[in-house]
Every structure is written in structure tokens, then in C-alpha cells.
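Visitor: Need the 3D shape of this:
(one chain, ligands or ions: 1)
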Amino acid sequence: MSTAQAAEATRSTLSIEDVSVGYGRKQVIDRMSAAPLLPGTLTALVGPNGAGKSTLLRSLAGLVPGKGRLRLGTRDLRQLPLSERARHVSFMPQGLPQGVALTVLETLIGALRATPPAGGPVSDEEATRRGIALLERLGIADLALRSLDRLSGGQRQLAGLAQALIREPDVLMLDEPTSALDLRFQLKVMGLVRDTVREHALIGIVVLHDLALAARFSDRVMVLHGGRLRADGSPDETLTPALLAEVYGVRGRVERCSLGHLLVLADEALPQQARA
Ligand SMILES: Nc1ncnc2c1ncn2[C@@H]1O[C@H](COP(=O)(O)OP(=O)(O)OP(=O)(O)O)[C@@H](O)[C@H]1O
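Guide: Sure thing, here's the model as predicted:
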């Protein structure tokens, strides 16, 4: 058994059973259940605008209330205090808060102080060392001493990714981590997320609108539509022309490029009545 497999065997799965989430009287996720999410796998959560992807992640992170069962192994996530939950479940939202005058490195040290990793609290010296090592891995060590509120959109996104990764959580959830990134950083970040998830046997969930990125980097694709899980399986199983028509309302193709990667091509928007 490899080190990664051994780590995987001792980690817990994430189960989502009969989960409903909404805002006031507005129901967004409607009694959703899914097969357990496994350590060491990266799941792409996809679906049209307003489908409830961010809401589901916020609910998993404990930021919006909901009904149903959310378990990490034997732990009932809803029963955990938020501080303890944040140690297990790390969530990078779509946008970092504005007006934060701290440097990127200071935010990482602060994240470690606020949510000490499983091994226990770390000294500021150790937090600094870990922060710099992570920024080097992400290829953004040059941003360490830059103030967060003076970064570009893509740089802020990378800083947010570092904040999510530094906590060494069991579940890593990223909401559209590549939306502001250039082509090179899209590949770099998705590759790094996939490798980190595998090496550390994390449960990775990434919201993506780019279905080709989802197909290329994820092990599993969950498609949310109308508050329900419309499809769930490997990229090959889930990303089909029929699904593109029904869920996204486009006539599309799913083809393999000369390198064998799945390409998802949207040819035209379908008129409303032609949607399956
Ligand atoms: N704080 C809120 N209060 C009330 N309704 C909300 C709130 N946040 C989101 N919603 C609504 O919940 C529904 C789902 O929103 P959510 O942000 O989860 O969708 P999404 O799939 O992440 O969309 P997108 O791809 O556009 O980011 C939408 O109809 C949205 O208007």
C-alpha cells in the first residue's frame, strides 16, 4: 500500500444525505443526497448560474443553515462548533473580502492562528515558514509581502487559494478558483489542487464553469440543476450532449482532442422550447 493509500484508508468520507438549504422561504437545494465523497478524489461541482453550487458549499462550511445529514466519517458536521468545523472543512469563497490591508503572508499566519492545524497550534516562526513554502509551491512567493487590497483579481484568487490550503483541512472546497486566472495559472492551479488532494488524501470539491477544466482535472463531476443533483459520475459519464441541452440549454459536443483530453464545445444556445 502506498503512503497516499494508507493515508486514504484512515481518512473519513463526506456524506450528504437528504440535504435542503435555502434563504428564508426560498428553497435552493432540495433534499439532495449523493454517494459519499472519497478522500484523495477531486469532485467538480458544476451547473448553470443560480443552480445552488455556492449555497451547497456554504452549507457544508456551516455558513448557511440547512436540514439533512452532513457527516465527515462519524462526525456530524452540523453538531461541530464553527471553529472545529473550520479545521476540518476549508472553504474559499468566490471573492475575498475587500479592504483588508494585511499582506498575503500575514493573512496566512492569521489563518493558521485562527484555525490551528490537526497537529496543534504552531509558532509564528513556523507559520511564516509554512506560509512562504506554500506561496513558493503556488508560484506566487513574490506576492508574500504585498498588501491584499492592492492585488489584481487573479492574484487575490491565488492568495485565497493559499489561505484555504494552509489550514491542511480534510475537506477542501473552492468556489470558482480559476475564474480570474490566465491560461497558465488555470492549468497550474487545477494541477496543484488535484495533486494536493491526492497526495494528502483530501476530499476536494471545486465549483467550475469551465467544463473542459472540470473534465480534465476532476475524478467526479456532480451536476446541480434546479436544486437537485441531476448527474453524478465520472466526466465521461456525466458530460454529454444531452446534459448540455437539458441543464445548460445549449447544443453542444463532447469530443476528445489529439492529446486525449475531453473537450466540451457549446455550439449554440437552444431556444427555450427545444430544451429537453
Ligand atoms: N444570501 C442570499 N439570500 C437570498 N438568496 C440568495 C443568497 N445567495 C444566493 N441566493 C440565491 O440562491 C440561488 C442559488 O445561488 P448560488 O449562489 O448558490 O448559485 P450558484 O450555482 O453558485 O450560481 P453562480 O454560478 O451564478 O455563482 C440563486 O437564486 C440566488 O439568487
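Visitor: any idea where the strands of the stretch 1-150 of the chain begin and end?
Guide: Ranges of strands within the stretch 1-150 of the chain are 14-23, 26-37, 41-46, 66-72, 75-76, 89-92, based on DSSP state E, counting those that start in this stretch.
Visitor: just so I know, which of these lies nearest the ligand?
Guide: Evaluated over the strands of the stretch 1-150 of the chain, closeness to the ligand peaks at strand 14-23, with 3.4 Å, by Cβ to the nearest ligand atom. Any C-beta I mention is one placed from the backbone N, CA and C, and that applies to glycine too.
Visitor: Okay, angle between that closest one and strand 26-37 too, please.
Guide: Relative orientation of strand 14-23 versus strand 26-37 (axes from the mean of the first three to the mean of the last three Cα atoms, to 10 degrees): 170 degrees.
Visitor: re earlier: can you redo the strands of the stretch 1-150 of the chain as JSON lines with distance to the ligand and mean pLDDT?
Guide: JSON lines is the format used below for those (distance: least, Cβ to the nearest ligand atom, whole Å; pLDDT from 0 to 100):
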{"stretch": "strand 14-23", "distance to the ligand": "3", "mean pLDDT": "96"}
{"stretch": "strand 26-37", "distance to the ligand": "4", "mean pLDDT": "96"}
{"stretch": "strand 41-46", "distance to the ligand": "8", "mean pLDDT": "98"}
{"stretch": "strand 66-72", "distance to the ligand": "12", "mean pLDDT": "95"}
{"stretch": "strand 75-76", "distance to the ligand": "23", "mean pLDDT": "92"}
{"stretch": "strand 89-92", "distance to the ligand": "13", "mean pLDDT": "92"}
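Visitor: In TSV: those, plus distance to residue 110 and mean neighbour count.
Guide: Below are the strands of the stretch 1-150 of the chain laid out as TSV (distance: least, Cβ to Cβ, whole Å; neighbours: other Cβ atoms under 10 Å):
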stretch	distance to residue 110	mean neighbour count
strand 14-23	26	17
strand 26-37	29	16
strand 41-46	27	24
strand 66-72	25	17
strand 75-76	26	13
strand 89-92	14	23
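Visitor: would TSV of the ones you listed with distance to residue 122 be doable?
Guide: Listed next are the strands of the stretch 1-150 of the chain as TSV, based on distance: least, Cβ to Cβ, whole Å:
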stretch	distance to residue 122
strand 14-23	26
strand 26-37	28
strand 41-46	27
strand 66-72	23
strand 75-76	23
strand 89-92	16
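Visitor: For the ligand, see how far away the nearest residue to residue 202 once chain neighbours are set aside is.
Guide: Leaving out its chain neighbours, the residue that sits closest to residue 202 by Cβ to Cβ, 6 or more residues apart in numbering is residue 172, at 5.0 Å. For residue 172, the distance to the ligand equals 17 Å [Cβ to the nearest ligand atom, to the nearest Å].
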